[in-house]
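Asks: Generate a structure from the sequence data that follows.
(one chain, ligands or ions: 1)
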Amino acid sequence: MADQKSYHMTPEEFRRHGRAVVDWIAGYYERIESFPVLSQVEPGAIRAGLPPAAPAQGEPFGAILDDVEKLILPGITHWQSPNFFAFYPANSSAPGVLGELLSAGLGVQGMLWATSPAATELETHVLDWLVPMLGLPEKFLSTSAGGGVIQDTASSASLCALLAARQRATGLASNRRGGDGRLTVYTSSQAHSSIAKAVRIAGLGEENLRLIPVDDRFAMRPSALAAELQRDREAGKLPCFVCATVGTTSSGALDPLPEIAALCRQSNVWLHVDAAMSGTAALCPEFRYIHHGVEHADSYCFNPHKWMFTSFDCDCFYVADRRALIDALSILPEYLRNRATESGAVIDYRDWQIPLGRRFRALKLWFVIRHYGLEGLQHHVRRHVELAQQFAAWVREDPRFELAAPAPLNLVCFRHRAGDEFNQRLLDRLNQSGALYLTHTRLNDRFTLRLAVGQASTELRHVERAWKRIQEEAALLSLL
Ligand SMILES: Cc1ncc(COP(=O)(O)O)c(C=O)c1O
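Replies: Numbers count the residues shown, from 1 in each chain. You can find the predicted model right below:
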């Protein structure tokens, strides 16, 4: 019996509404500067505007889109605003958005090669492209013993790296028998909190995480790492994983990879490099020095969803030896068995990540790389660094302010000399103004403002306006 009733959109309606959504997004980008960057709503305000129960009958699409404007936009913090300088960028771009849309339209699950060969092969190919683009070692190519995979986030990449390291350090026994409390992990006191979280999730225990002190540039001190490794070995521990950071979240510090790598090699410890934000800078030959030493790493990750114009989520994760990763994560139930997997001739990325299912993320990354080309990506990354350097120069010239850390790339840490409370109030006033959005950190236990340049449409005038506003608010505050 034919089912004549359908609640689905017809292809014609989909075309019409789809165009309306793309128009809406294009219009949003055109007027984005008219919104306060940081959403100004009170907790609960957005829910209060929504009906208590889901609609029993479907509603016209136009009404839904109208409600995005009316009910949702006030609760949006405008990450794509050129005046967004907070945290780290999560920059997007038109080709990235369109790639994401196409991926949703295809709706494929790329867990196995067989479930969509193009999803796997495009991913492998684009990740291979990025190896020479970023000056990464050839051992990360899929044609070597290693290879790359797209993860949702750097947090997942670091967790996968740790699980592979755990397996390797225990001669593949840890999956079978669980932990015995001996494995130890090392990262700097400035490393991202995702490393501590990975240690928890992997069941190693936070007591076995060593936060290595940093130098006056906030970079890991190799001598302190050497001492901790030695102490642990003498105490019968089994050092298994070091995470070095290229561009720490707080201040953009660059851990000294060559020295750290030498210690890891001596102790046969897995070296993971977290370059979540700053890795993108290596697209430009003049910034490629940040990857010096990465040739000795066992794994590496960076986030195109931070600074490479690829909509969230997209982290590129590389390993030097894919066997170690697959040994840690592969598990093959009967219902996933298929001829291609058994032939051994294909990659099944489900074995390279935590979940089984996976989105076709390579599409948006491919769109971005093809749209901009290496030249276009370099142009925008260079411009962001130039703008941040210009901002740092203005801070240096103003005797009321000081730089709080070196600013090698696109992040500037600075503060007013009037102390913590003043800087906190300055930050609050700036963010409440809606004109820009900055966040803070603590460096040497002092409240520090951070300005990160990386949104796709940020230009000199935005950074100039931000600095003028900071100066004006500081002057006003000084009078209060
Ligand atoms: C150095 C570093 N590592 C990891 C992360 C976490 O990134 P994700 O959200 O992709 O897990 C960040 C986020 O800012 C970061 O700066």
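Asks: Report the separation between the two terminal residues of stretch 86-102.
Replies: For stretch 86-102, the first and last residues are 30 Å from each other (CA to CA, to the nearest Å).
Asks: Please list the residues outside it that contact it.
Replies: For stretch 86-102, contacts defined as CB atoms under 8 Å, 6 or more residues apart in numbering pick out 25, 38, 79-80, 249, 276-277, 305-312, 363-368, 370-372, 411, 437-439, 450, 452-456. Yep, even glycine has a C-beta here, placed from its N, CA and C like the rest.
Asks: Can you say which of those residues are buried?
Replies: 25, 38, 79-80, 249, 276-277, 305-312, 363-368, 371-372, 411, 437-438, 450, 452-456 (16 or more other CB atoms under 10 Å).
Asks: among those residues, which are within reach of the ligand?
Replies: Restricting the buried ones among the contacts of stretch 86-102 to those near the ligand by CB under 6 Å from any ligand atom leaves Thr249, Ala276, Met277.
Asks: Tabulate those residues in JSON lines, adding columns for secondary structure and pLDDT.
Replies: Shown next, in JSON lines, are these (DSSP: H, G, I helix; E, B strand; the rest coil; pLDDT from 0 to 100):
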{"residue": "Thr249", "secondary structure": "coil", "pLDDT": "96"}
{"residue": "Ala276", "secondary structure": "coil", "pLDDT": "97"}
{"residue": "Met277", "secondary structure": "coil", "pLDDT": "96"}
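Asks: does Glu286 count as helix, strand or coil?
Replies: Secondary structure assignment for Glu286 (DSSP: H, G, I helix; E, B strand; the rest coil): helix.
Asks: Okay, and which of the contacts of stretch 86-102 map to strands?
Replies: The strands, defined by DSSP state E, take in Leu411, Thr439, Arg450, Ala452 from those.
Asks: Pick the one among those closest to Leu112.
Replies: Using CB to CB, Ala452 is the member of the ones in strands among the contacts of stretch 86-102 that lies nearest Leu112, at 38.1 Å.
Asks: buried sites along stretch 396-403?
Replies: Asp398, Phe401.
Asks: For that stretch, give the mean pLDDT please.
Replies: Average pLDDT, stretch 396-403: 98.
Asks: ok, and what's touching it?
Replies: Defining contact as CB under 8 Å, 6+ apart, one finds that stretch 396-403 is touched by Ala392, Val395, Val412, Cys413, Phe414, Arg415, His416, Arg417, Ala418, Gln471, Ala474.
Asks: looking at it, the first one is touching Ala407, isn't it?
Replies: The reference is to Ala392. Yes. If you go by CB atoms under 8 Å, Ala392 and Ala407 touch, sitting 4.6 Å apart.
Asks: Pick out whichever of the two has more residues nearby.
Replies: Neighbour totals were compared for Ala392 and Ala407, and Ala407 leads with 22 against 19 (other CB atoms under 10 Å).
Asks: so what's the more buried one up against?
Replies: Contacts of Ala407 by CB under 8 Å, 6+ apart are Gly252, Ala388, Gln389, Ala392, Cys413.
Asks: My reading is that the last one is in a helix; is that accurate?
Replies: It refers to Cys413. No. Assessed with three-state DSSP, Cys413 is strand; it does not lie in a helix.
Asks: Run through the bridge partners of it.
Replies: Taking DSSP bridges as the rule, Cys413 bridges to Arg450.
Asks: what two of the ones in strands among the contacts of stretch 86-102 have the greatest distance between them?
Replies: It's Leu411 and Thr439 that sit farthest apart of those, by CB to CB, at 10.9 Å.
Asks: which neighbours do these two share?
Replies: In terms of CB under 8 Å, 6+ apart, Leu411 and Thr439 are both contacted by the residues Arg450.
Asks: what's the closest non-adjacent residue to Ile25?
Replies: Computed as CB to CB, 6 or more residues apart in numbering, the closest residue to Ile25 that is not its neighbour in sequence is Val97, at 6.6 Å.
Asks: what about the one you found, how many residues close to it?
Replies: Using other CB under 10 Å, Val97 has 21 other residues around it.
Asks: And for the one 5 residues further on?
Replies: The number of residues packed around Leu102, counting by other CB under 10 Å, is 13.
Asks: Show me what secondary structure element comes after the helix or strand harbouring it.
Replies: Using DSSP states H and E, Leu102 maps to helix 94-106. Next helix or strand after helix 94-106 toward the C-terminus (DSSP H and E): helix 117-133.
Asks: And the very next helix or strand once past that following helix, what does it pack against?
Replies: Using DSSP H and E, the helix or strand that directly follows helix 117-133 along the chain is strand 147-151. On a contact count with 3 or more CB pairs under 8 Å, 6 or more residues apart in numbering; DSSP states H and E, strand 147-151 meets helix 117-133, strand 315-319.
Asks: Can you add mean pLDDT, distance to the ligand and mean neighbour count and give those back as CSV?
Replies: Converted to CSV, those look like this (pLDDT from 0 to 100; distance: least, CB to the nearest ligand atom, whole Å; neighbours: other CB atoms under 10 Å):
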stretch, mean pLDDT, distance to the ligand, mean neighbour count
helix 117-133, 98, 16, 19
strand 315-319, 98, 5, 28
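Asks: Convert stretch 189-200 to CSV, retaining C-alpha atoms only.
Replies: Presented in CSV, the C-alpha positions along stretch 189-200 are these (Å, rounded to 0.1, in the frame of the first residue of the first chain):
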residue,chain,number,x,y,z
SER,A,189,52.2,23.5,34.3
GLN,A,190,50.9,25.7,31.4
ALA,A,191,49.5,22.8,29.3
HIS,A,192,45.8,22.7,28.4
SER,A,193,43.5,21.0,30.9
SER,A,194,42.6,18.4,28.4
ILE,A,195,45.8,16.6,29.3
ALA,A,196,44.8,16.2,32.9
LYS,A,197,41.3,15.1,31.7
ALA,A,198,42.9,12.5,29.4
VAL,A,199,44.9,11.2,32.4
ARG,A,200,41.7,10.8,34.4
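Asks: Next one: Phe401 from Leu238, what distance?
Replies: Counting by CB to CB, to the nearest Å, the separation of Phe401 from Leu238 is 47 Å.
Asks: go on, Arg265?
Replies: Per CB to CB, Arg265 is found 16 Å from Leu238.
Asks: and those two? which has more neighbours close in?
Replies: A count of neighbours by other CB under 10 Å puts Leu238 above the other of Arg265 and Leu238, at 16 against 11.
Asks: Please list all residues in contact with that one.
Replies: Under the criterion of CB under 8 Å, 6+ apart, the contact list for Leu238 reads Ala169, Thr170, Arg182, Leu183, Thr184.
Asks: Nearest residue to the third one in space, please, no chain neighbours.
Replies: Translated: Arg182. Leu238 (4.4 Å).
Asks: Thanks a lot, catch you later.
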